[in-house]
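A.B. asks: build me a model:
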Amino acid sequence: MKWSSARVLVTGGAGFLGLHLVNRLCASGAEVTVFDNLSEGNPTRLREIRVNLVEGNVMNEETLAGVGEVDYIFHLASPSSVMLFNKNPQECFRETTEGWLNVLNFGKRISVKRIVFPSSGSLYGHTPLPHAETKEPRPTNLYAVSKLACENMIGALDDLPEVTVLRIFAGYGPGEDHKGFFASPVTLFLKKILNNEKPIIFGDGNQARDFVYIDDIIDAMIKSIESTFSGTVNVGSGVLHSFNEVVSILNQKLNKKIEPSYVPKPPNYLEQTLADVGRMKSVFDISPLNLEDGIDKYWSKLSSSAKL
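C.D. replies: Here you go, the predicted structure:
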């Protein structure tokens, strides 16, 4: 498709995923509108990009309607971590579910061609590994429950535009500096080791995640529009790495020998996530980076910018 003729709305475009996506869309020539309340994310970097910026909250239907006509919507405007939900569960749940409902109704009203919804691999919860799109989710926390509720809305509403759901696993990469304690484990561990401090790990460090590099996530988002596929696609690497392994890899890359500090796990802690990436490879033709190569790419960009 020709992005130069596309009008694109990115809600939450000032966030980690949003900024990477907006940069890619602008480089492709798309006309991009960012809708963001600027309460989180990095608005300074956003203002350096040539986009139409509408400041507002997706909970406000009237402000959202003021965006006008667009062809495609990427909906990224919602609380992005379990820890944010633990801090303010009621507000986060409402913003996630009601905001998504408002976006769906907005897209329906203006007849957009497609909406992309970044869900989460965490909604699989206690589902046996590997986590395939055909398996029934068994979420273990309110964040994952809210994402599943959003997915269920798609089947419960009539006459919606085409929707692609991306179940994104443990994303990481440059541009997380604004997230602080809510950043990915890779970034949190990297920052600690760079400062010669002990990375903090819940439990014994044997809990494991499917870590997926930011470029692969953005590739999946872009191809969600370029593809004719509508449905659910996992976005991961297809490989499991423990938190202890991540620390070991980072120490090796940085020529350090810093041991983690282990602390008790919070309740309902998710032990493992592992994406079945067969559909991602076949539908989007994406071969994801392994963790070692992703960290190399991450570190290369950090070394040139001096920013996490």
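
A.B. asks: okay, now the spatially closest residue to residue 17 that is not a sequence neighbour: neighbour count?
C.D. replies: Using Cβ to Cβ, 6 or more residues apart in numbering and skipping residues adjacent in sequence, the residue nearest residue 17 is residue 76, 5.4 Å away. C-beta coordinates here come from the backbone N, C-alpha and C atoms, glycine included. The local packing of residue 76 (other Cβ atoms under 10 Å) involves 26 other residues.

A.B. asks: can you list the buried residues in stretch 178-195?
C.D. replies: 178-179, 182-193 (16 or more other Cβ atoms under 10 Å).

A.B. asks: for the helix or strand hosting residue 165, packing partners?
C.D. replies: Following DSSP states H and E, one finds residue 165 within strand 162-168. Applying 3 or more Cβ pairs under 8 Å, 6 or more residues apart in numbering; DSSP states H and E, we find strand 162-168 packed against strand 114-120, helix 142-156, helix 214-226, strand 231-235.

A.B. asks: so what's the residue nearest to residue 17 up against?
C.D. replies: By Cβ atoms under 8 Å, 6 or more residues apart in numbering, the contact list for residue 76 reads 10, 11, 12, 13, 15, 17, 18, 21, 118.

A.B. asks: could you report the distance from the fifth one to residue 244?
C.D. replies: Applying Cβ to Cβ, to the nearest Å, one obtains 29 Å for the distance of residue 15 from residue 244.

A.B. asks: the more surrounded of the two?
C.D. replies: residue 15 (25 against 18).

A.B. asks: who's in contact with residue 280?
C.D. replies: Here residue 280 is in contact with 220, 233, 234, 235, 236, 286, 288 (Cβ under 8 Å, 6+ apart).

A.B. asks: should've said residue 257
C.D. replies: residue 251.

A.B. asks: for the residue of the chain most remote from its centre, give its distance to residue 41.
C.D. replies: Distance to the chain centre peaks in the chain at residue 257, reaching 30.5 Å (criterion: Cα atoms, centre = their mean). Between residue 257 and residue 41 the distance is 35 Å, computed by Cβ to Cβ.

A.B. asks: same question for residue 136.
C.D. replies: 33 Å.

A.B. asks: more neighbours: these two, which one.
C.D. replies: Each of residue 136 and residue 41 has its neighbours counted (other Cβ under 10 Å); residue 41 has more, 25 against 6.

A.B. asks: mind checking what secondary structure that one has?
C.D. replies: coil (DSSP: H, G, I helix; E, B strand; the rest coil).

A.B. asks: how about it: what's its closest non-neighbour residue?
C.D. replies: Nearest non-adjacent residue to residue 41 (Cβ to Cβ, 6+ apart): residue 14, at 3.2 Å.

A.B. asks: tell me the confidence at the one you found?
C.D. replies: pLDDT for residue 14: 92.

A.B. asks: same question, the one 4 residues further on
C.D. replies: Each residue has a pLDDT score; the one for residue 18 is 95.

A.B. asks: likewise for residue 307?
C.D. replies: Note on residue 307: pLDDT of 57.

A.B. asks: now residue 177
C.D. replies: 76.

A.B. asks: burial check on it, number of neighbours?
C.D. replies: Residue 177 has 16 nearby residues by other Cβ under 10 Å.
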